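S.K.: Sharing a sequence plus its predicted fold:
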Amino acid sequence: MLRSTISTILLLIPLIFMSSCDGENCTSHDQTFCTDGITYWVNSCGDFEEILEHCLIDCDGDHLVCKEGECLHDASCEDNDPCTDDACVQSFCQHTYNQAICDDGNRCTLNDVCSGGGCAGTWDSCDDQIACTVDSCQAATGCEHAADDLLCDDGDGCTVDACDSLQDCFYTDACDANATCLDRSCVCDTGFRGDGVSCSDIDECVEQTHDCDPNASCSNTLGFYSCSCNLPYTGDGFTCSLCGNGECDGDETLQTCPADCDLDIVIVVEDSVLTGLTAALATYQQDLRDAGHASRVIEWTSGTASDLRDLLVNARNDYAIEGAFLLGHLPSAWYECECWQDFDPMHEEYPCDIYLMDLDANWTDADNDGLYDGHSSLSADIFVSRITGNASRIGDYLAKVHDYRTNGSLLPQQAFIFMDDDWAVYPGNYGLDSIYSTCDLLYDTNQTTRANYLSRLEGAGAEYVYQWIHASPQALYITHQGDYQMVYLSEVISGDHRASFINLFNCSGARYTEASGCLSQTYMTRTSYGLADIGSTKTGGVYNPEVFHSNLASGRTWGESYRRWYNAAGVWDDEWFLGIVIAGDPLLTIQGNTRGLINSLPARAWSADDVDQMSRRLVEHARRIDLGSFDGYRARNPQFFRD
C-alpha cells in the first residue's frame, strides 16, 4: 500500500535530482520528499528510504513545514534563540546568526548582544562612586556594594565612623552626652568619670568631695550636687549664715544681712560672765524680738576704754546700732576737770560714758595722765547703759526684766517725787504727770525725813521715783533739821526698795566704778524691782528732766530718751551733766496708766541764780564725800590699760 502511494506521488512530482549508482550500493541520498507527513529519501539507486529525522524537501502543501523530521501543518521555525533569525525557506527552517540585544544570564555584564550565535556582554565594574563600599559582582545576583566602616576612619577619636552604602561615610558623636571633645579625644565633663565615650556621674556627697557649707546638707545631682543650708541657717548652701533667722550672727553685718543686722543694740558681755548668762541672754533677746528690737551679743575679752569705743564704732558701722548694753565689768574712760570755777573751784575726776556715746568726738589728755581733760563739741550718737556684777546678779536682773516685759509693771503705776530740804524750793512734777495719773510730790521739809522716805520705798513704793537727795555712791544723805539721816546700800538691799525707774538727783550715786558699789547698780541688781535709772558719776544730776520725761511719755525707750535729753539739754554744761549715765535695760519703755502721750513738755524756767544756788549746795556737800580715784581704779583694773 505504501509503495503504491509513493509510486503515485512520484508520478506527480518531477524528479529533482538523480545520481548514479556505483554498483549495488547507493552512495548518497539524492532526493527527499514528504507525503502525509512521512519523509522519504530516494537514494542513487532509485530506492525509497523512510527518513524520520529530517525533511530535505519542501513540505509544500497546506502550509506544511518540515520540522524535527516531520512535516507539520502551520508549524513555526522559532528556536527561542535570540541570537538567530528564524525563517522557513522552501519548507525548511533556517536559523541565521544575528547581532540582536540579548541577555546572557550573567548579572555582571552590560550591553549584551548576539555574536557568532552566542550572547555576550561587557563586564560591569560595579563602581557605585561611594568611597566606603567594596564593589563586587555575582553572576546570579549582580553588583554588590559592601559597606566597610574602616574606609571612613577620619582619625578623630570624638567621632563614630560609619559607611552608608547608599550615601557614603557619615560621622556621629562618639563622646558621651556628659563629655566634651578636646584635642580629638572625648573627655568626661566635670562631675563625671570614664573614658569619655562612656561617662558615669560622680556622687560628690558620698565621696565627700563637695564644697557645701559645714552647716548645709549635700544632695547629689547629675554632674554636680546641690547644697541647702540647715535650719536655722540660710544662704545658697555653699555659704550659710543665720541671715534671715531674726538674729545677727557670725560674720553677718548690715551689708551682708540687712534683714537681721539692722540692730537696735549690741549687748557687750564680759567673757567671765557670758557662760553663766547663756540662758538668760537667750530669753532676753527673744523678749527684745517680741518687742520689735534686734540685738546681738558680743563677747568682751580684754582691752581699754578706747578699744571698747572702737568696738562700738564698728558696731554702728556694721549694724547701725542705736545703743549698747554693757554687762559685767567693762572698762570706763575717765575725765578730769577743775569744776565750779565761778564760785568754788574743785578738782573732779570721774567715769564718763559720754566718751562711748559720741563716736566722732575728739578727746584729749593734755597732761598725759590717763584722764581726758578736753574734747571737741559733743553729741551722743548712741546710748550706752550698764549692769555690773557677777553672772548671778546680772541673771537675776534679766529675770526681772523678763517679768516686766511679760507681765507688766512690777509696782503701782505711780510716780513718787522726794525733794529734800536743799531742793524743796524747786517743787514740781517735772512732766511725770504726763506719764502717770498719780504723782506723789513730797517736798515739805517737815515731811522729807528718812522715816517717810523708807516708809514709801519699803512700803507701796512707786514705779517711778525721782529723788532729790544729797548722796555719795554708797548712801543717801537725807537732811532734816540740819542733820543727815543716812540710808545706806545695805538698807536698800535689806529693805528691798520698791522703785522700778529712778531718776537719781543724787551726786555720785551712779558712780559704778566704786569698789564698794553704788546706789544706781544696787537698785538694779540687789532689789526685786529696779529696772532702769539715770544718775551722775560726779557732782551733779538731772535737774531739767522735762525732755527726758516727755520722750518717755511718747513711748520712747529709756536709752533713746536719755540720748535725746543729753543732746537737747545736757550737752551745754559739763560740770552738771558730763557725768550723767544710765543703768539697766536701755530698751525698756514705761508701759501704762498714762494721762496721754505727749511730744514735749514745757521746761521749768531756771534762772542763772537758781542754777548758781543749786551748784553751791552740791559742791558744799560734795567736798565732804570721799570718792574713789582714777589711780585707785587703774590699780584695781590693770587689764583696762596699756603701759
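M.R.: Received the coordinates, thanks. Numbers count the residues shown, from 1 in each chain.
S.K.: Poorly predicted segments of the protein, please.
M.R.: Low-confidence segments of the chain, defined by pLDDT under 70, span residues 1-75, 90-91, 592-602.
S.K.: Quick check, central residue of it?
M.R.: Among the residues of the chain, the smallest C-alpha distance to the mean C-alpha position (CA atoms, centre = their mean) belongs to Asp236, namely 2.0 Å.
S.K.: Which strand or helix spans the closest residue to it other than its chain neighbours?
M.R.: With sequence-adjacent residues excluded and distances taken as CB to CB, 6 or more residues apart in numbering, Asp236 is closest to Cys227, at 7.3 Å. Placement of C-beta: from N, CA and C, glycine included. Counting by DSSP states H and E, the element that carries Cys227 is strand 224-229.
S.K.: same thing with Leu312?
M.R.: Here Leu312 is assigned to helix 305-319, by DSSP H and E.
S.K.: After that helix, heading C-terminal, what element do we hit next?
M.R.: Towards the C-terminus, the helix or strand next in line after helix 305-319, according to DSSP H and E, is strand 323-327.
S.K.: what are the phi and psi values for the residue nearest to the centre of the chain?
M.R.: Dihedral angles phi and psi of Asp236 (degrees, to the nearest 10) take the values phi -90, psi 0.
S.K.: What segments of the stretch 151-300 of the chain are strands?
M.R.: 159-164, 168-173, 179-182, 185-188, 192-194, 199-201, 216-221, 224-229, 234-235, 240-241, 265-270, 295-300 (DSSP state E, counting those that start in this stretch).
S.K.: quick one: the last one to strand 323-327, angle?
M.R.: Spelled out, that is strand 295-300. With axes from the mean of the first three to the mean of the last three CA atoms, to 10 degrees applied, the angle from strand 295-300 to strand 323-327 works out at 50 degrees.
S.K.: Which elements pack onto strand 295-300?
M.R.: Other elements packing on strand 295-300 under the criterion 3 or more CB pairs under 8 Å, 6 or more residues apart in numbering; DSSP states H and E are strand 265-270, helix 271-274, helix 278-290, helix 305-319.
S.K.: before we move on, what about the third one?
M.R.: The contact analysis (3+ CB pairs under 8 Å, 6+ apart) places strand 179-182 against strand 185-188.
S.K.: Contacts for the strand it packs on, please.
M.R.: Counting by CB atoms under 8 Å, 6 or more residues apart in numbering, the neighbours of strand 185-188 from elsewhere in the structure are 157-158, 174-176, 178-181, 194-197, 199.
S.K.: Just the CA coordinates for it, please, in CSV.
M.R.: Below are the C-alpha coordinates for strand 185-188, written out as CSV (Å, rounded to 0.1, in the frame of the first residue of the first chain):
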residue,chain,number,x,y,z
SER,A,185,39.6,62.9,72.2
CYS,A,186,36.5,62.5,74.4
VAL,A,187,36.9,63.8,78.0
CYS,A,188,34.2,63.4,80.6
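S.K.: Partner strands of that strand, with direction?
M.R.: Using DSSP bridges, the neighbouring strands of strand 185-188 in the sheet come out as strand 179-182 (antiparallel).
S.K.: Kindly provide the distance from the residue lying closest to Ala603 once chain neighbours are set aside to Asn503.
M.R.: In space, and not counting its chain neighbours, Ala603 is closest to Glu546: 4.3 Å by CB to CB, 6+ apart. Summarising the geometry, the distance separating Glu546 from Asn503, computed by CB to CB, to the nearest Å, is 12 Å.
S.K.: More neighbours: the two, which one.
M.R.: More neighbours sit around Asn503 than around the other of Glu546 and Asn503, counting by other CB atoms under 10 Å; the figures are 24 against 21.
S.K.: mind listing the strands for the stretch 351-500 of the chain?
M.R.: So, for the stretch 351-500 of the chain - with DSSP E, counting those that start in this stretch - the strands run 363-364, 374-375, 383-387, 415-419, 439-442, 462-468, 470-472, 475-480, 483-488, 499-505.
S.K.: could I get those as a markdown table with distance to Leu578?
M.R.: Supplementary listing: the strands of the stretch 351-500 of the chain in a markdown table, determined by distance: least, CB to CB, whole Å:
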| stretch | distance to Leu578 |
| --- | --- |
| strand 363-364 | 11 |
| strand 374-375 | 9 |
| strand 383-387 | 14 |
| strand 415-419 | 24 |
| strand 439-442 | 29 |
| strand 462-468 | 20 |
| strand 470-472 | 18 |
| strand 475-480 | 23 |
| strand 483-488 | 27 |
| strand 499-505 | 16 |
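S.K.: Would you mind telling me which of these is nearest Asp626?
M.R.: strand 470-472 (7.8 Å; CB to CB).
S.K.: can you give me the offset of the closest one from its chain's centre?
M.R.: Strand 470-472 sits 58 Å away from the centroid of its parent chain (CA atoms, centre = their mean, to the nearest Å).
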